[in-house]
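Asks: quick one: sequence and predicted model below, then my questions.
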Amino acid sequence: MIKINNLNKSFVTAEGRHEVLKNVSLSILDGSCTIIGGENGSGKSVLMSIIAGLEEADSGKIECKGRPGLVFQEAETQILGETPREDIAFGPKNLGFKPEQTKNAVNDALLKTGLAAKADYPSRFLSGGEKRRLAVACMIAMNLPVIILDEPYANLDYTGVRQVNALIKTLKADGKTVVILTHEIEKCLALADDFIVLFRGEIVFQGKPETALSQNLEQWNIRNPLNSYRELKDLVWE
Ligand SMILES: Nc1ncnc2c1ncn2[C@@H]1O[C@H](COP(=O)(O)OP(=O)(O)O)[C@@H](O)[C@H]1O
Ligand SMILES: [Mg+2]
């Protein structure tokens, strides 16, 4: 369970003080899949950094059982090894797994993330989507219970989106707690158990994903999935 109470965060720059998270309170249940939706700049990545302990809040309380695994939008910054096999093995080795256990954990993670065929490929030549899946593989191998994906659909084509969603389903089936931070809620709403909207640093909606469809999400600058085709029609045939 991740529990956040009255979290506040501001940054001070030459232009002054920017309040980036305002009184954010939320709970994420173990084994659930939660979408935190919001436009660019709404505070999603800062919230993730605070949950992961990479950034400190100004005030508020965070409870998180165990260390969450983070997958950054630019996942290549997370890759250390020459190949996926080497990269995935770092975590289990550091945790003191025996060689046989490490080998099994690496193979399991490669299979679950669809990277088995690229296990010994130079990591730097993986595509953006494969690099993100590699980051998830590292977390699977370490058996981290919470996985937070920051903009997992960025720059992905149709196949890439489907691969991310297949992976999210696998993580759910394995009992992981999954948190998806995205402005593209239409791509994952159907996978989620809970849905939260962050707008200008504040939580403005919290509920079941299906109840989101009857909301005017555009007031928070995110697209209601039911409006996607309507917008396209206006654009092309008007
Ligand atoms: N280190 C920082 N210093 C100053 N402002 C920051 C810093 N990190 C993020 N911000 C600001 O915080 C706001 C939220 O950013 P972010 O969490 O990255 O948004 P997003 O929802 O797109 O992930 C933005 O206005 C951003 O410019
Ligand atoms: Mg972000």
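Replies: Alright, I've got the coordinates. Numbering: from 1, shown residues only. Ligands and ions are numbered 1, 2, ... in the order given.
Asks: close to ligand 1, is the one helix or strand residue 23 maps to?
Replies: Using DSSP states H and E, residue 23 falls within strand 16-28. Yes - Strand 16-28 reaches ligand 1 (CB under 6 Å from any ligand atom) through 18, 20. Glycine gets a C-beta too; all of them are placed from N, C-alpha and C.
Asks: please spell out which residues along the longest helix along the chain are buried.
Replies: Secondary structure of the chain per DSSP state H: the longest helix is helix 158-173. By neighbour count with 16 or more other CB atoms under 10 Å, helix 158-173 contains the buried residues 160-161, 163-165, 167-168, 170-172.
Asks: repeat for stretch 115-134
Replies: So stretch 115-134, judged by 16+ other CB under 10 Å, has buried residues 115, 118-119, 123, 126, 129-134.
Asks: residues in the chain within reach of ligand 1, list them.
Replies: 11, 13, 18, 20, 38, 40-46.
Asks: drop anything exposed from those residues.
Replies: 20, 38, 42-46.
Asks: coming back round to it: need the buried residues of helix 158-173 in JSON lines (columns: distance to residue 33).
Replies: Formatted as JSON lines, these follow (distance: CB to CB, whole Å):
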{"residue": "160", "distance to residue 33": "19"}
{"residue": "161", "distance to residue 33": "16"}
{"residue": "163", "distance to residue 33": "17"}
{"residue": "164", "distance to residue 33": "13"}
{"residue": "165", "distance to residue 33": "11"}
{"residue": "167", "distance to residue 33": "12"}
{"residue": "168", "distance to residue 33": "7"}
{"residue": "170", "distance to residue 33": "12"}
{"residue": "171", "distance to residue 33": "8"}
{"residue": "172", "distance to residue 33": "6"}
